[in-house]
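Q: From the sequence below, what's the structure:
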Amino acid sequence: MALTKRDISEKVCMDLELPKNESVEIVESLLEIIKSSLESGEDVLVSGFGKFCVKEKNERKGRNPATGESLILQPRRVVTFKCSGKLREKVNGN
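A: Below is the predicted model of the structure:
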């Protein structure tokens, strides 16, 4: 099961003993800051968690797997995530 914004808001509400509406605003605000930074091309580094990076993808040849038709994929930007060493250790149980 995935962790949702609602789950995060409820956890913030309990941990910080805030009213529910304030915790929702905090989570929404944080996500908006991250989105706007990535939209402007800035990387977002969260110490002890990881780094969200914006990468440029060039135009390239692709193929529709359903029809086998060749096509050209337009240039685009994608967001990648690289976890920190601390997070990797926690996930791996070290």
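Q: Going by C-alpha atoms from here, please, whenever you check contacts or count neighbours.
A: Will do.
Q: and the longest helix for this protein?
A: helix 20-39 (DSSP state H).
Q: tell me which residues in stretch 78-93 are buried?
A: Buried residues in stretch 78-93, counting neighbours by 16 or more other C-alpha atoms under 10 Å, are found at residue 83.
Q: Not counting stretch 56-72 itself, show me its contacts.
A: Here stretch 56-72 makes contact (C-alpha atoms under 8 Å, 6 or more residues apart in numbering) with 73-78.
Q: With stretch 39-55 instead?
A: For stretch 39-55, contacts defined as C-alpha under 8 Å, 6+ apart pick out 34, 37-38, 77-87.
Q: So what's the gap between it and the chain middle?
A: Here stretch 39-55 is found 8 Å from its chain centre; the criterion is C-alpha atoms, centre = their mean, to the nearest Å.
Q: re earlier: show me which of the contacts of stretch 56-72 is closest to residue 12.
A: Closest approach between these and residue 12, by C-alpha to C-alpha: residue 78, at 29.1 Å.
Q: hang on, the closest one in a helix?
A: No: counting by DSSP: H, G, I helix; E, B strand; the rest coil, residue 78 is not part of a helix but strand.
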